[in-house]
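Engineer: Fold the following and give me the result.
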Amino acid sequence: MSTTVDAPGSASAHAVSAGRPAVGPPRDGVVSEHDAFDALAEAWDDLWRRTTGATAFQSHAWSSAWARAYVPAGQLAAVTVWDGGTLVAAAPLYRSRRGLVPVLAPLGGPLSDATDVLVDPEVPDAGRRLADALVQVHGWRVLDLPEVLPGSMAQEWTQLWPGRVRRTPSSLNLQLPVLSQGDLLARLPSRTAGTLRRKLKKVEKLGIERVELPREAVPAAVEELIRLHAAQWAGRRGNPEHLTERFRAFLVHALEAMVDRGQAVFVQYRLDGRVMATEVDLVSHRQLAYYLAGIDPDLREHIDTSVLLVAGAVELAHRLELPEYSFLRGDEDYKLRWRPDHVTAERVMLARPGLLGSGGYFPVTAGSTTVMTLARRALGGRARELARAVMHRIRQARAGG
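Structural biologist: Residues are numbered from 1 along each chain as shown. Sure thing, here's the model as predicted:
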């Protein structure tokens, strides 16, 4: 089945008052039009709040904004399951191709650090019905979930899948317990803790003002964020996608709604009225996650800016009563000095049930994973630098369209 579903509260829900035929309760199916997906905001985020393992990357604002910026008309495939007028399961997906294989992939693409589905834990058959609804979607061979974190709903839900399932290790995520500054430093070796204490005192002495921005400030703040991010990465291998117009439009669209709904915090650091750094943190049920920052190179000459951002974010997480602060993907040195916990995501691929199954996609990806693993072992310490160089070339190609 491939239908466009209208959510409660959408324009079609008021058809009677407009003199048009009444529309019944929403049906399980796939939402393929951007306007119809936008209309799901209230029902989607209500389900998101009930799916306690979900991250901000599955929020409606993030998914719909990315779809608007990156998914052409006709490729959107958000699968929904309803009990009357209540959304009880959903998978934010779009159609793609990997070589000759038609694939369903999660909205957010490479700009999202976590992959998940939404399933109401209080509805016993919601997960099974989501699997059934996906099987009914035409024209795909593999559902590819690249960043499934431990404890996520997708990790449990994929055990219900009626076809073949392949799981391989994916990205490393680093996260800290949210503690007072003193307790956080007490976890570290004494020498490292002493160095960080000195850096924190230097930050405090500089007298930087930390400001959390309201929704109406987001468009101008995104412009400032991109400007500072470009200056921060000038002459180095940053992500070229962050400097594109489509990324700018996506970020404004997503963050306006997410700041308003408490799913993101947009922070500026000012010195004598001048914006010296800006940062986007994403808010989930259990976790505050660092997403993107822009830093004036002048500020880096005076203080360790990573200490400034981490200290401010952990304090924010403590105030929000969240137990975890996540650096998200990557094992950069500035993260490792805090001795974070290591969490490895899984790439989970689900083959469409039937004779064709994954259409050869599983063996190909398994082979490429084996080659990369062997290369990392052979290259030893050079693997990280090589991987970063390769990924930089790939990102440049994608950003160039």
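
Engineer: When you work out contacts or count neighbours from here on, use the C-alpha atoms and nothing else.
Structural biologist: Fine.

Engineer: Any regions of the stretch 301-401 of the chain where pLDDT drops low?
Structural biologist: Counting by pLDDT under 70, the stretch 301-401 of the chain contains low-confidence ranges at 355-401.

Engineer: now the strands for it?
Structural biologist: Counting by DSSP state E, counting those that start in this stretch, the stretch 301-401 of the chain forms strands over residues 324-329, 341-351, given from the N-terminal end onward.

Engineer: Now do the strands in the stretch 1-150 of the chain.
Structural biologist: Per DSSP E, counting those that start in this stretch, the stretch 1-150 of the chain has strands spanning 29-31, 78-83, 86-91, 93-98, 101-106, 118-119, 142-148. These are given in chain order.

Engineer: can you tell me the average pLDDT over the third one?
Structural biologist: Over the span of strand 86-91, the pLDDT mean works out to 98.

Engineer: That strand pairs with which strands?
Structural biologist: Note on strand 86-91: by DSSP bridges, its sheet partners are strand 78-83 (antiparallel), strand 118-119 (antiparallel).

Engineer: Tabulate those in TSV, adding columns for mean pLDDT and mean neighbour count.
Structural biologist: What follows is those, written out as TSV (pLDDT from 0 to 100; neighbours: other C-alpha atoms under 10 Å):
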stretch	mean pLDDT	mean neighbour count
strand 78-83	97	23
strand 118-119	98	31
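
Engineer: And those strands: which comes nearest residue 264?
Structural biologist: strand 118-119 (19.0 Å; C-alpha to C-alpha).

Engineer: Residues contacting that closest one, please?
Structural biologist: With contacts defined as C-alpha atoms under 8 Å, 6 or more residues apart in numbering, strand 118-119 is touched by 47-48, 50-51, 54, 58, 88-91, 126-127, 153-154.

Engineer: Save the residues you listed as JSON lines, and put in distance to residue 135 and neighbour count too.
Structural biologist: Supplementary listing: these in JSON lines, determined by distance: C-alpha to C-alpha, whole Å; neighbours: other C-alpha atoms under 10 Å:
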{"residue": "47", "distance to residue 135": "22", "neighbour count": "23"}
{"residue": "48", "distance to residue 135": "23", "neighbour count": "27"}
{"residue": "50", "distance to residue 135": "24", "neighbour count": "16"}
{"residue": "51", "distance to residue 135": "22", "neighbour count": "22"}
{"residue": "54", "distance to residue 135": "23", "neighbour count": "27"}
{"residue": "58", "distance to residue 135": "21", "neighbour count": "26"}
{"residue": "88", "distance to residue 135": "17", "neighbour count": "29"}
{"residue": "89", "distance to residue 135": "14", "neighbour count": "28"}
{"residue": "90", "distance to residue 135": "14", "neighbour count": "30"}
{"residue": "91", "distance to residue 135": "12", "neighbour count": "25"}
{"residue": "126", "distance to residue 135": "14", "neighbour count": "22"}
{"residue": "127", "distance to residue 135": "13", "neighbour count": "27"}
{"residue": "153", "distance to residue 135": "19", "neighbour count": "22"}
{"residue": "154", "distance to residue 135": "16", "neighbour count": "23"}
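
Engineer: Restricted to helices, list those residues.
Structural biologist: Among these, the residues falling in helices (DSSP state H) are 47, 48, 50, 126, 127, 153, 154.

Engineer: for the first one, what are its contacts?
Structural biologist: Under the criterion of C-alpha under 8 Å, 6+ apart, the neighbours of residue 47 are 87, 88, 89, 118, 119, 120.

Engineer: repeat for the second one
Structural biologist: Taking C-alpha under 8 Å, 6+ apart, we find residue 48 in contact with 54, 58, 59, 118.

Engineer: so which pair among those residues is furthest apart in space?
Structural biologist: Considering C-alpha to C-alpha, no two members of the contacts of residue 48 lie farther apart than 59 and 118, which are separated by 9.6 Å.

Engineer: for stretch 217-225, which positions count as buried?
Structural biologist: Residues of stretch 217-225 classed as buried by neighbour count (16 or more other C-alpha atoms under 10 Å): 218, 219, 221, 222, 224, 225.

Engineer: do the same with stretch 168-179
Structural biologist: By neighbour count, and taking 16+ other C-alpha under 10 Å as the criterion, the buried residues in stretch 168-179 are 170, 171, 172, 173, 174, 175, 176, 177, 178, 179.

Engineer: hang on, the earlier thing: could I get the buried residues of stretch 217-225 in JSON lines, plus columns for secondary structure?
Structural biologist: Putting the buried residues of stretch 217-225 into JSON lines (DSSP: H, G, I helix; E, B strand; the rest coil) gives the following:
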{"residue": "218", "secondary structure": "helix"}
{"residue": "219", "secondary structure": "helix"}
{"residue": "221", "secondary structure": "helix"}
{"residue": "222", "secondary structure": "helix"}
{"residue": "224", "secondary structure": "helix"}
{"residue": "225", "secondary structure": "helix"}
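
Engineer: The lengthiest strand in the chain - contacts with which helices or strands?
Structural biologist: Longest among the strand segments of the chain by residue count, using DSSP state E, is strand 165-177. Identification of packing neighbours for strand 165-177 by 3 or more C-alpha pairs under 8 Å, 6 or more residues apart in numbering; DSSP states H and E yields strand 142-148, strand 324-329, strand 341-351.

Engineer: Output these in TSV; the columns should cover distance to residue 278 and mean neighbour count.
Structural biologist: Putting those into TSV (distance: least, C-alpha to C-alpha, whole Å; neighbours: other C-alpha atoms under 10 Å) gives the following:
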stretch	distance to residue 278	mean neighbour count
strand 142-148	26	23
strand 324-329	16	22
strand 341-351	26	19
